[in-house]
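> Okay, sequence plus prediction incoming.
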Protein chains: 2
Amino acid sequence: MFSIEAKSCEGTLQQAGFRITRPRKAILEVLSQTGGALKPEEIQDRAAPLCPGIGLVTVYRTLTLLADLGCIRRVHQDDHCHGYARADYAHGHHVVCRTCRQVVEFHGSEDIGAVIGQVSRQTGFRIDDHLLELMGICPDCQTQDSAVEDRNGG
Amino acid sequence: MFSIEAKSCEGTLQQAGFRITRPRKAILEVLSQTGGALKPEEIQDRAAPLCPGIGLVTVYRTLTLLADLGCIRRVHQDDHCHGYARADYAHGHHVVCRTCRQVVEFHGSEDIGAVIGQVSRQTGFRIDDHLLELMGICPDCQTQDSAVEDRNGG
DNA sequence: GTCGTTGCAAAAAATTTGCAGAAAC
DNA sequence: GTTTCTGCAAATTTTTTGCAACGAC
């Protein structure tokens, strides 16, 4: 059973004139199921069961292609800058869990528009794109961390 | 004449028990004067006049140190992910000009707090940090681009 | 069958480490 | 004078390129 997200990305690939291949399917499936930010090497590892012998080079090429098509998005983190995660929405932003690296996307609310308008006025920049990444602890990891919660003032 | 920002960073270095050396001064001065995001190699090039023979290795080490101290900040851009720029404010966000790469910082307004609160409720994440980067065209480059402005519907 | 895609090996680029000499305090 | 810092060379790690074989359409 393959994920809906992976399927929709295949459509995007096809419409853009690219072929649906086993490595591409595998990579899409990995990112789709993970919902987390992965490095190229991690993606190779996880894609290997779905596509035996998949090469790291192919992973790089595929990630570049998929990112260009907007099927996946680059995720920046202080430690491993070149992570990739699925893009559920056209221009969603994301919250990254610093414990399990799970990525959840959310729609940019009108509040972001307010920030942009304010900064635009303040600086005179004509702002046409933005990168918003929130970092924290996801619900699952919060539960597991509850023993040390008082340390954080909980 | 050296910049105020560079001077204040020197204080930070000293207070943390690190020495003020010529390479460090040069790198601080470069970032301070540039106000833009630069790659380590670019920083080396620009620091060379101020510190002849400065090595790329030193640039890397110094950037890591200064970023850890919060004197400068890592800037993420799609093309060159590992850029560095000065940090004028403690936790400022920045607007990056996609033409000249100038970086202007702005204080995170309460609107960002609103976004965080909203996302926190939506996703259940406990959000404790964020990265907000706006991209666009700075006032200077807008002027130079005015000839092609109609292309963008201006 | 045709042409895009893959994987290997190798190249190139980016980043880190070891160490003796130089510099800051 | 002591200890930290620097720069070189070399080692790693990350990413890209060339090319023959393979696979999707």
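Yep, that arrived. Numbering: from 1, shown residues only, chains lettered A, B, ... in the order given.
> for chain A, which spans come out with low pLDDT?
Residues of chain A that meet the criterion pLDDT under 70 lie in A:1-5, A:35-36, A:77-81, A:88-92, A:98-99, A:101, A:107-110, A:129, A:144-154.
> Please, where are all the strands along it?
For chain A, the strands defined by DSSP state E occupy A:72-75, A:83-86, A:93-97, A:103-106, A:126-137.
> Identify the residues contacting A:A85.
If a contact means Cβ atoms under 8 Å, 6 or more residues apart in numbering or on different chains, then A:A85 has A:31, A:34-38, A:72-73, A:75, A:94, A:103 as its contacts. C-beta: built from backbone N, CA, C; applies to glycine.
> for the residue of chain A found nearest DNA strand C, what are its contacts?
When distances are taken as Cβ to the nearest atom of the strand, chain A approaches DNA strand C most closely through A:T58, which lies 2.9 Å from it. If a contact means Cβ under 8 Å, 6+ apart, then A:T58 has A:P23 as its contacts.
> what sits up against stretch A:28-41?
The contact list for stretch A:28-41 (Cβ under 8 Å, 6+ apart) reads A:2-3, A:5-6, A:9-10, A:43, A:46-47, A:50, A:56, A:59-60, A:63, A:66, A:71-72, A:75, A:77, A:80, A:82-86, A:96, A:100-104.
> just the buried members of those?
Among the contacts of stretch A:28-41, those buried by neighbour count (16 or more other Cβ atoms under 10 Å in any protein chain shown) are A:5-6, A:9-10, A:43, A:46-47, A:50, A:59, A:63, A:66, A:71-72, A:75, A:77, A:82-86, A:96, A:101-104.
> near DNA strand D, from these?
A:H82 (Cβ under 7 Å from any atom of the strand).
> Surely A:E133 and A:V103 touch.
No: distance between A:E133 and A:V103: 9.2 Å, which falls outside the contact criterion (Cβ atoms under 8 Å).
> Name the residues contacting each of those two.
Common neighbours of A:E133 and A:V103, counting by Cβ under 8 Å, 6+ apart, are A:75, A:94-96.
> and those, which two are the farthest apart?
The largest separation in those, counting by Cβ to Cβ, is between A:V75 and A:V95 at 11.0 Å.
> Now the common contact residues for those two.
Contact with both A:V75 and A:V95 is made by residues A:103, A:133, according to Cβ under 8 Å, 6+ apart.
> Get me the contact residues on chain A for chain B.
Residues of chain A found near chain B (Cβ under 8 Å from any Cβ of the partner chain) are A:74, A:76, A:78, A:81-82, A:95, A:97-98, A:104, A:106, A:109, A:111-112, A:114-116, A:118-120, A:122-139, A:142.
> Verify the contact between A:C51 and A:D45 for me.
No: applying Cβ under 8 Å as the test, A:C51 and A:D45 come out as separate, 11.6 Å apart.
> of the two, who's got more company?
Neighbour totals were compared for A:C51 and A:D45, and A:C51 leads with 19 against 15 (other Cβ atoms under 10 Å in any protein chain shown).
> contacting residues for the more buried one?
With the criterion set at Cβ under 8 Å, 6+ apart, A:C51 makes contact with A:22-23, A:25-26.
> go with 10 Å
Under the criterion of Cβ atoms under 10 Å, 6 or more residues apart in numbering or on different chains, the neighbours of A:C51 are A:21-27, A:29-30, A:44, A:58.
> Most neighbours among the contacts of A:A85, which one?
A:L31 (29 neighbours).
> Enumerate the residues of chain A near DNA strand D.
Within chain A, the positions lying close to DNA strand D (Cβ under 7 Å from any atom of the strand) are A:14, A:19-22, A:39-41, A:56-57, A:60-61, A:64, A:82.
> Of those, grab the buried ones for ChimeraX.
Buried residues within the residues of chain A next to DNA strand D, as defined by 16+ other Cβ under 10 Å, are selected in ChimeraX through the command that follows:
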select /A:39,40,82
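> mind checking how far stretch A:28-48 is from the chain centre?
Using Cα atoms, centre = their mean, to the nearest Å, the mean C-alpha position of stretch A:28-48 is found 10 Å from that of the whole chain.
> As PDB, could you dump the C-alpha coordinates of it?
The C-alpha atoms that make up stretch A:28-48 are tabulated as PDB, following Å, rounded to 0.1, in the frame of the first residue of the first chain:
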ATOM      1  CA  LEU A  28       8.800   9.300  -2.500                       C
ATOM      2  CA  GLU A  29       7.500   6.500  -0.400                       C
ATOM      3  CA  VAL A  30      10.200   7.000   2.200                       C
ATOM      4  CA  LEU A  31       9.600  10.700   2.600                       C
ATOM      5  CA  SER A  32       5.900  10.200   2.500                       C
ATOM      6  CA  GLN A  33       5.900   7.600   5.300                       C
ATOM      7  CA  THR A  34       8.500   9.300   7.400                       C
ATOM      8  CA  GLY A  35       7.100  12.800   7.600                       C
ATOM      9  CA  GLY A  36      10.500  13.800   8.900                       C
ATOM     10  CA  ALA A  37      13.500  15.500   7.700                       C
ATOM     11  CA  LEU A  38      16.100  13.100   6.400                       C
ATOM     12  CA  LYS A  39      19.600  13.500   4.900                       C
ATOM     13  CA  PRO A  40      20.300  12.000   1.500                       C
ATOM     14  CA  GLU A  41      22.200   9.200   3.100                       C
ATOM     15  CA  GLU A  42      19.400   8.400   5.500                       C
ATOM     16  CA  ILE A  43      17.000   8.400   2.600                       C
ATOM     17  CA  GLN A  44      19.200   5.900   0.700                       C
ATOM     18  CA  ASP A  45      19.200   3.600   3.700                       C
ATOM     19  CA  ARG A  46      15.500   3.700   4.100                       C
ATOM     20  CA  ALA A  47      14.800   3.400   0.400                       C
ATOM     21  CA  ALA A  48      17.100   0.400   0.000                       C
END
